[in-house]
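**Student:** sharing a model prediction with you, sequence too.
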Amino acid sequence: MRPAIYIPNFNGAEHLPRALRSLRGQTRPIEVVVADNGSTDGSASLIRDEFPEVFLLELGQNLGFGRALNRAVGERPADPVILLNNDVECEPRFVEALLDSLDEATQMVAGVLLQEADPALIDSAGVVADRTLMGFDYLHGEPLEKAGEAADPLGPTGGAALYRRAAFEAVGGFDERIFLYYEDLDLALRLAGAGGRCRLAAEARALHAYSASLGAKTGEKFARTGWSRGYMLRRYGVMSQPARALRTLACETAICTGQLLMDRTARGITGRLRGWRDGSAALLLDTNGAPLLDISMSEALRLRRRRRG
């Protein structure tokens, strides 16, 4: 079965053409599937008119990131499954480098997203997390050369990822309760818990327009990330151990206080409370020995500030 790239799209007509054009120039043959979440900006017409080679799955409404991709993989199966954001521009060897990094022991491969404002710097080379499951973009802000010598991350970022289809389906794909943000970390934790390994493909590179969909510091983004954070804390039982619970509360208080003071919004707080409530209905999971960062609270907050900056 030939591999395919799956791109979730919602009102991405401004950025999507650049991504699709970059896929035309790949050094390996690839099918492209766009899962359109009910866009109202002409995205679907643009794809039909300008990119007839793309398989367009029109979902009719905004199902969110993970649910849209689960639907696309189910409707247009391929192996391996490659995921891409709609706001990236891939180098010609992007797909080739992902595929070349796949071996018998690997279920996930992480590509490298570069900062559009400074392509010499990494935006994300996958996802990692500390023991409170606070997630970070791996190698964010580091020079591109660092990717060639770095260890492998916990998993790929959802914006530049490869998964073996059998492994993806064995753990149920993306958790469809998570509408947006942290779904890649959640999937990486479940795959790692099932014995899955991730490799970093340093040569699989793409430029990334960070947070082109919602903006980097909007109330809507804080609400979405807050919900996902609260949900993950509840689903993985992070608060069940007193020491870890105290650290988690201290970190989340610092983050939400910063949003209140700097961004004048409490939506990150209310999002966390809703996510915590909704997480009670999900099956309780644990991290099953997934490789988590053993870092201090101050280091975790520094990494968080670095991404925010």
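**Tutor:** Thanks, I have it.
**Student:** okay, domains of the protein per the record?
**Tutor:** 4-208, 219-308 (automatic domain parsing).
**Student:** CSV for those, including mean pLDDT?
**Tutor:** Converted to CSV, the domains of the chain look like this (pLDDT from 0 to 100):
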stretch, mean pLDDT
domain 4-208, 97
domain 219-308, 93
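**Student:** out of the ones you listed, deepest packed?
**Tutor:** Mean neighbour count (mean count of other Cβ atoms under 10 Å) peaks for domain 4-208 among the domains of the chain, with a mean of 20. C-betas here are computed from N, CA, C, even on glycine.
**Student:** what's the end-to-end length of it?
**Tutor:** Domain 4-208 has an end-to-end distance of 20 Å (criterion: Cα to Cα, to the nearest Å).
**Student:** off-centre distance for it?
**Tutor:** Remark: domain 4-208 is offset 7 Å from the chain centroid, using Cα atoms, centre = their mean, to the nearest Å.
**Student:** could you list every helix and strand that the helix or strand encompassing Ala97 packs against?
**Tutor:** For Ala97, the host element (DSSP states H and E) is helix 94-100. Under the contact criterion of 3 or more Cβ pairs under 8 Å, 6 or more residues apart in numbering; DSSP states H and E, helix 94-100 touches strand 108-115, strand 160-163, strand 198-208.
**Student:** closest to Glu176 out of the ones you listed?
**Tutor:** For the helices and strands packed on helix 94-100, the distance to Glu176 is smallest for strand 160-163, at 16.1 Å, taking Cβ to Cβ.
**Student:** following the closest one, which helix or strand comes up?
**Tutor:** Sequence order places helix 165-170 as the next helix or strand after strand 160-163, per DSSP H and E.
**Student:** could you give the angle of the helix or strand that that next one is followed by to strand 198-208?
**Tutor:** Where DSSP H and E defines the elements, the next helix or strand beyond helix 165-170 is helix 183-193. If you take axes from the mean of the first three to the mean of the last three Cα atoms, to 10 degrees, helix 183-193 sits at 170 degrees to strand 198-208.
**Student:** elements contacting helix 183-193?
**Tutor:** Partner elements for helix 183-193 (3+ Cβ pairs under 8 Å, 6+ apart): helix 65-75, strand 127-129, strand 160-163, helix 165-170, strand 198-208, helix 219-235.
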